[in-house]
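Novice: pasting the sequence and the predicted coordinates here, then a few questions.
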Amino acid sequence: MKLQDFYFDLPEDRIARFPAEKRDESRLMMVERKSGHISHYRFKDIAGLVGPDDFLVVNNSKVIPVKLFGKIGDGKVELLITKIDRENNQVEALTLPAKKFKPGARVELENRLYAEVVGAGSRGRRVLTFNKSLDEVLNAGFAPLPPYIKRKADEARAFRDFDLERYQTVYSKTPGSIAAPTAGLHFTPGLMAEIRKKTEIVEITLNVGEATFQKIEVEDISRHRMGREYITITRQDRERIRRLKETKHLIAVGTTSVRSLETYALQEPQEETFYSEIFISPGFRFRMVDRLITNFHLPESSLFILTAAFSGLELMKEAYRVAIESGYRFFSYGDAMFII
């Protein structure tokens, strides 16, 4: 299939720059694959839509504050840390504007922090070393919001605490992600407790990296290669999932949970921690996931392609058309979809 098959026109005012006032007050679209029926709810209604013959699998990875703002000379710059090397007190980072991050350049940050560009990393990244420990660097960091949310430095500072709290699931535990598993952002502790009264919730971990949001740069999507991301599913949770799958539908919360579970089904790794490079596109045979909770994704992204593989491309395009016409809010801070 061609990348352009997964294009849709999205008005800019549909992109959410802030989340709903309350996590579970975001909107929820339910899409039924067999009938094509589309219905509308609030996310808090998910507790009633999930039944005793379902169970949930969530990604409990915790977002780390890896976005930094600073200056090189008089020019404002940004960087997003993608790889941490604690032994050498160095990082690899995506930089903006990249042309300013020349070897030897000094990046002035807040709290008397500064970094020096010491080399080039892979895929256009820069290697930087800091004057203080990486723990101190991260303590000064910001939530790694995607660029389409358009938080410039002053606004990011004003909403720093807000974003550090809201760009994180309430069940996050394991630090390591540079982007949030956003389908989980809608859950509250109370909503989780309500769901647990009728069924089980299993936690796994995929540390979200660049692979999740990397741009597809080939027209023939069969040539796209995903980057590597690491997954942990304990032996105890593997057994729980196997047992529950015998009688219940598996609801994956988020595309990262889908990739984790389907990678496990394909590889059957012996180790509790393993990696995924799987790219799920139409024609993929789902072995684990029966239902999916997800956000509304970028056109021509691997995330939209995965949801199209799960639901069917034409149905997904129709659902997105309805969402746009009905005023749904898109992307990381936007609304959610439940595909059954």
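Specialist: Nice, I can see it.
Novice: what about the helix-or-strand element of the chain with minimal mean pLDDT, distance to the chain center?
Specialist: The weakest-scoring helix or strand in the chain, judged by mean pLDDT, DSSP states H and E, is helix 210-213 (a mean of 86). Per C-alpha atoms, centre = their mean, to the nearest Å, the displacement of helix 210-213 from the mean C-alpha position of its chain is 8 Å.
Novice: contact partners for the residue at minimal distance from the centre of the chain?
Specialist: Central residue of the chain (C-alpha atoms, centre = their mean): Pro181, 3.5 Å from the mean position. Contacts for Pro181 (C-beta atoms under 8 Å, 6 or more residues apart in numbering) come out as Val58, Asn59, Ser61, Thr169, Leu206, Val208, Val253, Gly254, Thr256, Ser257. (C-beta placed from N, C-alpha, C; glycine too.)
Novice: in CSV, list those along with distance to Thr129 and secondary structure.
Specialist: Shown next, in CSV, are the contacts of Pro181 (distance: C-beta to C-beta, whole Å; DSSP: H, G, I helix; E, B strand; the rest coil):
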residue, distance to Thr129, secondary structure
Val58, 36, strand
Asn59, 31, strand
Ser61, 26, strand
Thr169, 32, coil
Leu206, 29, strand
Val208, 25, coil
Val253, 38, strand
Gly254, 34, coil
Thr256, 31, helix
Ser257, 35, helix
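Novice: and of the residues you listed, the nearest to Glu21?
Specialist: Nearest to Glu21 out of those is Thr169 (C-beta to C-beta; 17.5 Å).
Novice: the closest one: neighbour count?
Specialist: When neighbours are defined as other C-beta atoms under 10 Å, Thr169 has 25 of them.
Novice: so what's the residue lying closest to it once chain neighbours are set aside scoring on pLDDT?
Specialist: Excluding the flanking residues, the one nearest Thr169 by C-beta to C-beta, 6 or more residues apart in numbering is Gly184, at 3.8 Å. Gly184 is assigned 98 on the pLDDT scale.
Novice: picking up where we left off before, now render the contacts of Pro181 as a markdown table, adding pLDDT and distance to Arg42.
Specialist: Listed next are the contacts of Pro181 as a markdown table, based on pLDDT from 0 to 100; distance: C-beta to C-beta, whole Å:
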| residue | pLDDT | distance to Arg42 |
| --- | --- | --- |
| Val58 | 98 | 19 |
| Asn59 | 98 | 23 |
| Ser61 | 98 | 26 |
| Thr169 | 98 | 18 |
| Leu206 | 97 | 27 |
| Val208 | 96 | 26 |
| Val253 | 98 | 17 |
| Gly254 | 98 | 19 |
| Thr256 | 97 | 24 |
| Ser257 | 98 | 22 |
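Novice: all helices for the protein, in order.
Specialist: 46-49, 134-139, 153-158, 160-166, 189-196, 210-213, 235-245, 255-267, 302-311, 313-325 (DSSP state H).
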